[in-house]
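Got a predicted structure here, sequence first:
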Amino acid sequence: MRTIPNTETLDVEFKSDLKCYPDHDLIEEIVGMTNTIGGVLYLGVEDDGTITGVHKKHNDAVGVTALIANNTVPPISVRAEVIYEESHNILKIEIPRSRGVVATTWGKILRRRLKLDGSPEAIPMYPYEIPSRLSELGMLDYSAQPLDGAAIDDLDPNQRVRLRKIIQTRQGGEKNLLTLSDDELDIALRLVTKSGESYVPTVTGMLLLGKEERIAELIPTAKATFQVLEGTDVRINEDSSKPLLELFENYETYIRAWNPERETEYGLFRIPIPEFDWSAFREGLVNAFCHRDYTMLGRVRVSIDDEGLSISNPGGFIDGVNLKNLLTVEPHGRNPALADALKRIGLAEKTGRGIDRIFEGSIVFGRPWPDYSESTSQMVKLFIQRAKADLAFAKIVSDEQNRQGKSLSIYNLMILSVLNSERRITIDRIVEVTNLSENKIRTAIELMIEQGLIEASGRGKNRTFILGAKIYKENKEAIQYVRQADIDSIRYPEMIIKLANTQNGIVTKQNVAELLKVTPNQAYSYIKKLQKEGKLELMQGGKYSKYKLVE
C-alpha cells in the first residue's frame, strides 16, 4: 500500500534521482521550502508521482543530512530516512519551517509558491520580501520602523485632533493620554521614533496621522476599498489612502447606511437587531488593518453584497495561527506597534481577543458563524453571511446573560449554538465543530449543566448532551424536550428486540453494547429492564450470558 502522497503541493516535493539529482539544486529546493512552510521532499519520485528510486549516492540519509546542514546559512536541521516503497528505495527528507530567513552558502535566498496550474516551484526571495517574512514570523515589527522619506510635517494636525476626540469618546480609550502634549502623545503611542537628534514618523504614525497624499506616496501598499454590490449593480466603489482614523469613521458611516436593522419585541421593549453586528464589523475592520502585511502590494477590501459582508487583507495568517486555532491561539499580531496604539486609543479590543467579538456577533443572534475558509497564505478573508436572526435562540442567550449579570463566554456560546442546531451531541462532535480543546469543552459543559443550560445522558465517550429543560420550557417547546430527553429510553429497547429477532431470538450483553455504542454495564441495565417487563428471559448464565425473547 502506497504511503507517500500522489501529487506535489506547497509542502510536498518530488524529485527524480535516476540521473543523480544535483546536490546544488537539492539544497536550493530545501531552502525554498524552509523559507515558506516547510514540508517533505521525496528524492526518487517523478513529478507525476511515479516511484523510480533513489540514486546510490543519495542512499545515505546521514550523509544527505550533513550535506544540507553544511550548505545552508543558518544550517537547516532536517530529518532524512530511506523508505521502501513499491520495490524501490526513496529518500524522505522532512524540512522544518525556518524561524528566520535561510540562504544557501553561495548566497541564494529562495521561497516556494504555487504556479497557475497548482504545481509548486522555488523562486528567488527578493530583499523587499525579507521584512514581510520576518514580520510573519513575529521577528520584526514593520509598523514600529521609521518610515523612509517621512518628516514630522507629514503628520496632519487635524488627524491629531481626531485622535484626541477618539480617546475622549471611546470607552476603552486611555484618558490619561489626553494630559500629554502632542509631542509626548506621539512618543507614547510610538507614532514617532528618534533618528539622530530629531524625531521622524514611524509607519504607525503615518498610517494613523499622515496626510493622505504623503501616505499614498510613502506607503503605496496602505490602500483600502469599500464596495457595495446589489446583484451586479455597483452602489459604492471607493478607493482610499486616507489615514486610518478617518478611514474607520468613514467606513462606520457607510456600514450604517447598508446595514438595516429589524426591530423585535422583547417583553415590554422593542430591540433593533442589525443585519451585521456592529462590534463584529469594527473588530473585523481593525483586525484587517492591524494584521495586514504593509510590505505587500494590495489593499484591505470591505465588500457588502447579496450574500453578506466580506473583509479581506493582504498577508496570510502569521506563524502559529491557522483556521483551527483562531479562537484559542495566544493573541499576537503582525504589527504590534499599530495594534497597541489602536488598543490604547480605544479602537481595538484591549485583550487582543477581537476574534471572540467577531464570532460572538453572529452566535448571539443564532446566525451562521463567521467564515475564514477562503483565506490563503497570501490573504486573510472574513465572511459574515446574511441570515435571519434566530429570535428564540437570541432570547435564550439574552435571558441567561441577564440572569448571570455578565456576558456568556465564547465557549458557552459556541456549545449552545451547536446544540441549538444539532439538538443532541457528544463531546467529540463539539470538538470537531468548534476546534476547541476537549479539556476546555468538558469544563464549560460541567458548569453549564450546573446552571441548567444543558442536560447530559449516558456515560463516558457515549455521553450525549441536549439543551436544558428550562430552555425548552421558556421557548414553549415542551414536546420537543420530552422527545429529546426520552428518545434513548424509547429507541434502545426497540433496537434490542429487533437485534434479537435477527439472531434467532437471542442476544448477549456484548452485542447489545456494540449495537448501542454503550458500556457493558449500560447494556446490562437495558437487558434487565426488558427482563422485568417480561420481554426477555435468561437462557444461559455465566460470563457469556445469553437472553432470549419471550414468546
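Perfect, thanks for sending it.

what mean pLDDT does the helix or strand encompassing residue 309 have?
For residue 309, the host element (DSSP states H and E) is strand 308-314. For strand 308-314, mean pLDDT is 95.

what's the answer for stretch 48-56, then?
94.

Residues touching the helix or strand that the strand holding residue 309 is followed by, excluding its own?
Going down the chain from strand 308-314, the next helix or strand is helix 336-345, by DSSP H and E. Residues from elsewhere that reach helix 336-345 (C-beta atoms under 8 Å, 6 or more residues apart in numbering): 141, 143-144, 163, 166-167, 170, 172-174, 177, 189-191, 202-204, 207-208, 286, 289-290, 333, 348-350, 352. No exception for glycine: its C-beta is placed from N, CA and C like everyone else's.

In strands, which of these fall?
Among the contacts of helix 336-345, no residue falls in strands (DSSP state E).

Show me just the buried residues among those.
Buried subset of the contacts of helix 336-345 (neighbour count, 16 or more other C-beta atoms under 10 Å): 141, 143-144, 163, 166-167, 173, 177, 189-191, 202-204, 207-208, 286, 289-290, 333, 348-349, 352.

Any regions of the stretch 201-350 of the chain where pLDDT drops low?
Applying pLDDT under 70 to the stretch 201-350 of the chain flags residues 265-270, 331.

Are we agreed that residue 300 is in a strand?
Yes - checked against DSSP: H, G, I helix; E, B strand; the rest coil, residue 300 lies within a strand.

okay, now it: neighbour count?
Residue 300: 21 surrounding residues under other C-beta atoms under 10 Å.

and if you look at the one 5 residues further on?
Residue crowding around residue 305 was assessed by other C-beta under 10 Å; the count is 15.

coming back round to it: what is the strand holding residue 309 packed up against?
Using 3 or more C-beta pairs under 8 Å, 6 or more residues apart in numbering; DSSP states H and E as the contact test, the elements touching strand 308-314 are helix 278-291, strand 299-304, strand 379-385.

Would you format those as TSV with distance to residue 47 included?
Converted to TSV, these look like this (distance: least, C-beta to C-beta, whole Å):
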stretch	distance to residue 47
helix 278-291	36
strand 299-304	36
strand 379-385	28
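
list the buried ones in stretch 221-237?
Buried positions in stretch 221-237, judged by neighbour count with 16+ other C-beta under 10 Å: 222-224, 226-228.

Please identify which of the helices and strands packed on strand 308-314 is closest to residue 492.
Nearest to residue 492, of all these, is strand 379-385, at 38.0 Å by C-beta to C-beta.

Could you identify the helix or strand that succeeds the closest one?
Where DSSP H and E defines the elements, the next helix or strand beyond strand 379-385 is helix 391-404.

gap between that next one and the chain center?
Distance, stretch centre to chain centre, for helix 391-404: 26 Å (C-alpha atoms, centre = their mean, to the nearest Å).

Next: stretch 341-348.
How far stretch 341-348 lies from its chain's middle: 23 Å, per C-alpha atoms, centre = their mean.

and if you look at stretch 397-417?
22 Å.

okay, stretch 187-194 in PDB with CA atoms only?
Below are the C-alpha coordinates for stretch 187-194, written out as PDB (Å, rounded to 0.1, in the frame of the first residue of the first chain):
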ATOM      1  CA  ILE A 187       6.200  59.300  21.600                       C
ATOM      2  CA  ALA A 188       3.800  57.400  24.000                       C
ATOM      3  CA  LEU A 189       1.900  55.800  21.100                       C
ATOM      4  CA  ARG A 190       5.100  55.200  19.100                       C
ATOM      5  CA  LEU A 191       3.900  57.400  16.300                       C
ATOM      6  CA  VAL A 192       7.400  58.800  16.000                       C
ATOM      7  CA  THR A 193      10.900  57.500  16.800                       C
ATOM      8  CA  LYS A 194      14.200  59.100  17.300                       C
END
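
who's in contact with it?
For stretch 187-194, using C-beta under 8 Å, 6+ apart, the contacting residues are 144-146, 152, 155, 177, 180, 185-186, 199-202, 204-205, 208-209, 337, 340-341, 344-345.

let's go with 7 Å and repeat that
144, 146, 177, 180, 186, 199-202, 204-205, 208-209, 337, 341, 344 (C-beta atoms under 7 Å, 6 or more residues apart in numbering).

what do you get for stretch 361-381?
273, 277, 279-280, 291, 310, 312-317, 323, 326, 358-359, 382-385, 387, 389-390, 393-394, 397, 413-414, 417, 420.

Let me see the domain layout of this structure.
The record's domain parsing of the chain by automatic domain parsing lists 12-125, 142-218, 223-336+345-385, 391-484, 488-549.

do you know which of the ones you listed lies nearest residue 1?
Residue 1 lies closest to domain 12-125 among the domains of the chain, at 9.6 Å (C-beta to C-beta).
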